[in-house]
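**Q** Next comes the sequence, and after it the predicted model I'd like to discuss.
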Amino acid sequence: MAEILEHQTLEINRLVSYRGLIAESDIENVKVMIEQTLKSLQVKRTTGYITAIYAMYRDKRDVEILAGIDGEITELENLTYKPVFKLVNAVVAKNKGNKKEDLKETWGKLSQYVGEKELQPTSVAYYIPNSDGTEVDIYMGISQNIL
C-alpha cells in the first residue's frame, strides 16, 4: 500500500518545461529533445523528469515535462525556463517502484484518499522520480480553504 502524506512542500529552483499535446509514445522523444537542447546550451539536468498530465484524449495527452537544471537559460525555442517550481500543501503518495502498473495503483489510492477526505485539488498530479529513478512519488496541491 502506498504511504500518503499531507501538508508537504515541493520546491525546485531552475527548471525547463515542455508543455504540449502529444501521443504517449512521443514522451521519450520529448525527453531526448530536452537533453539535446540542454547539451547544446552546456547545461546539465539536475533532476529526473517530472511529468504532469493535464488531460487525456483518445490518442493524445496534454503533458508537461519538467527537469531541474544547473544554470539559467534566457532563450529557448521549444522549452520554457522556470526560475522556481513550488507546490505547497500537497498530498504525496509515496510509490515503491516505477512500473506503470504500480503508478496506476498508487494514483488510484491517492485519488481515493483525496475523495474520502473531501480535499480540493489545486493542481494536477506531478510524478516526481527519486534520484536514481527507482521510485516515483505523486504530488498533488490541495486547497487550504474550508468552504
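**A** Done, it's in.

**Q** In the lengthiest strand in the chain, which residues are buried?
**A** Using DSSP state E to define each element, the chain has its longest strand at strand 3-22. By neighbour count on 16 or more other CB atoms under 10 Å, the buried set for strand 3-22 is 4, 8, 10, 12, 14, 15, 16, 17, 18, 22. The C-beta positions use only the backbone N, C-alpha and C, and glycine is treated the same way.

**Q** which stretches of the protein aren't confidently modelled?
**A** 1, 97-98, 147 (pLDDT under 70).

**Q** What about the residue lying closest to residue 59 once chain neighbours are set aside, how many residues nearby?
**A** Excluding the flanking residues, the one nearest residue 59 by CB to CB, 6 or more residues apart in numbering is residue 23, at 6.0 Å. When neighbours are defined as other CB atoms under 10 Å, residue 23 has 12 of them.

**Q** Let me know whether residue 23 touches residue 58 as I believe.
**A** No. Counting by CB atoms under 8 Å, residue 23 stays clear of residue 58, with 10.3 Å between them.

**Q** what's the closest residue to residue 19 other than its chain neighbours in contact with, if anything?
**A** Excluding its sequence neighbours, the residue lying closest to residue 19 (CB to CB, 6+ apart) is residue 64, at 4.6 Å. The contact partners of residue 64, by CB atoms under 8 Å, 6 or more residues apart in numbering, come to 17, 18, 19, 51, 52, 54.

**Q** in what helix or strand does the fourth one lie?
**A** If I follow you right, that is residue 51. Taking DSSP states H and E as the definition, residue 51 sits inside strand 50-56.

**Q** mind listing what whichever helix or strand comes after that strand pairs with, with the direction of each?
**A** Sequence-wise, the next helix or strand downstream of strand 50-56 (DSSP H and E) is strand 61-68. Strand 61-68 pairs in its sheet with strand 3-22 (antiparallel), strand 50-56 (antiparallel), by DSSP bridges.

**Q** how about the ones you listed, which one is nearest residue 95?
**A** Set against residue 95 and scored by CB to CB, the strands paired with strand 61-68 come closest in strand 3-22, at 9.0 Å.

**Q** What segments of this protein are strands?
**A** Assigned by DSSP E, the strands in the chain fall at 3-22, 50-56, 61-68, 80-94, 121-129, 136-142.
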